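Participant: Sequence plus the predicted model coming up.
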Amino acid sequence: MVREKAGKRPVQEVEFIRRELRDYTHWQDKRLRQTLQELVTMEYIDANGSQGKTFRYQLAHGPDAAPSPVQALTTPEQLDAMLTRPQPKKP
């Protein structure tokens, strides 16, 4: 939806409201609100608005953005390899 709406603009510049997303996904309002709140908490999207006013959302990171810090975390395989290496003996 955001890419369609963006055209040639960067997707991070596109704003959308819940109604547009609800029409696009056909989700119930409660489910959409919960999901959007999770995405805001995880910093995947930014929310602008306040109680009584329409919330506008934007993608926080686009496909061209810098890699996520999560990608720098040690994978389970790397951790396993570290733990199974023989440890040097202490004198």
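Facilitator: Looks like it arrived, so ask away.
Participant: can you map out the strands along this protein?
Facilitator: For the chain, the strands defined by DSSP state E occupy 16-17, 45-48, 56-59.
Participant: Show me the shaky parts of the chain.
Facilitator: By pLDDT under 70, the weakly predicted segments of the chain are 62-71, 87-88, 91.
Participant: Identify, by residue count, the longest helix of it.
Facilitator: If each helix of the chain is counted by residues according to DSSP state H, the longest one is helix 29-41.
Participant: just checking, what packs against that one?
Facilitator: helix 18-25, strand 45-48 (3 or more C-beta pairs under 8 Å, 6 or more residues apart in numbering; DSSP states H and E). C-beta: built from backbone N, CA, C; applies to glycine.
Participant: I figured Y24 hits R3, correct?
Facilitator: No: using C-beta atoms under 8 Å as the test, Y24 is too far from R3 to be in contact (11.8 Å).
Participant: returning to what we had before: make TSV out of the strands of the chain and add distance to L79 and mean neighbour count.
Facilitator: Converted to TSV, the strands of the chain look like this (distance: least, C-beta to C-beta, whole Å; neighbours: other C-beta atoms under 10 Å):
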stretch	distance to L79	mean neighbour count
strand 16-17	39	15
strand 45-48	31	14
strand 56-59	31	18
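Participant: Can I get those in JSON lines including distance to G7?
Facilitator: Below are those laid out as JSON lines (distance: least, C-beta to C-beta, whole Å):
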{"stretch": "strand 16-17", "distance to G7": "14"}
{"stretch": "strand 45-48", "distance to G7": "19"}
{"stretch": "strand 56-59", "distance to G7": "15"}
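Participant: Looking at those, spot the one closest to E38.
Facilitator: Closest of the strands of the chain to E38 is strand 45-48, at 9.7 Å (criterion: C-beta to C-beta).
Participant: Dump that closest one to PDB, keeping only the CA atoms.
Facilitator: Extracted C-alpha coordinates of strand 45-48, given in PDB (Å, rounded to 0.1, in the frame of the first residue of the first chain):
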ATOM      1  CA  ILE A  45       6.600   2.900  12.100                       C
ATOM      2  CA  ASP A  46       6.200   6.400  13.600                       C
ATOM      3  CA  ALA A  47       2.900   7.800  14.800                       C
ATOM      4  CA  ASN A  48       1.900  11.400  14.800                       C
END
